[in-house]
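J.: Quick one, what's the 3D model for this:
(one chain, ligands or ions: 1)
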Amino acid sequence: MEKAPKTIKESASVTHDIVHPGDTNSYGIAFGGYLMGLLDKAACIAVRRHCTNRVATVAIDGVRFFNPAKVGYILDIKASINRVFNSSMEVGVKVTGTPLEKTESIDICKAYITFVALDKEGKPSPIAPVIPETDDEKRRFEEALVRRETRKHP
Ligand SMILES: CC(C)(COP(=O)(O)OP(=O)(O)OC[C@H]1O[C@@H](n2cnc3c(N)ncnc32)[C@H](O)[C@@H]1OP(=O)(O)O)[C@@H](O)C(=O)NCCC(=O)NCCS
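T.: This next block holds a predicted model:
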């Protein structure tokens, strides 16, 4: 059955966290694994809002760490679906952080996470396409196709 397309903003998610000492290494800087966990969870929320299927992560790429996130930083984690292909979809996730005693945020990290929707038997299952509306959404939509080709033929 054809699935009705949905806008990207319908599923986009924004979550927050604060860097605690237990999230950091001996230099007081957030572990990469902790940040990756935040990226993965935020992406999952966007995916769960877009489709009700069970999903599996099949690829995480384009991971970049721009600036260290130190103890006390407030983190904003934004995730949105860049493009749905057939059963798979690419989600773009970015973390920005606001240092202690500051009001302006800086870029911390970003990644592209690809999920596959599964049916009740655990087989890949088609999902509703997304409708890019803004200029940024349209750019990400086009770029996601290029990244998909690179993933297939690295
Ligand atoms: C998800 C899974 C069932 C898909 O099975 P599969 O045999 O790879 O399925 P297919 O080859 O038919 O591919 C299904 C879709 O995934 C995409 N895909 C598969 N591997 C991919 C990869 N490494 N990167 C990007 N997309 C990928 C395919 O392009 C296809 O997309 P489309 O339907 O939109 O065209 C299987 O790969 C799996 O179980 N992987 C482990 C998942 C997991 O444990 N993740 C970690 C915890 S969630």
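J.: Report the contact partners of the most centrally placed residue in the chain.
T.: Centroid-nearest residue in the chain, with Cα atoms, centre = their mean: Val93, separated by 3.0 Å. Contact analysis of Val93 by Cβ atoms under 8 Å, 6 or more residues apart in numbering lists 39, 42-43, 77-79, 110-113. (C-beta placed from N, C-alpha, C; glycine too.)
J.: go on, Ala46?
T.: Ala46 touches 11-13, 79-81, 91, counting by Cβ under 8 Å, 6+ apart.
J.: repeat that with 10 Å
T.: Contacts for Ala46 (Cβ atoms under 10 Å, 6 or more residues apart in numbering) come out as 8, 10-14, 78-81, 89, 91-93, 113, 115.
J.: Pull the number of nearby residues for Asp61.
T.: 13 (other Cβ atoms under 10 Å).
J.: State whether it is indeed within a strand.
T.: Yes: counting by DSSP: H, G, I helix; E, B strand; the rest coil, Asp61 falls inside a strand.
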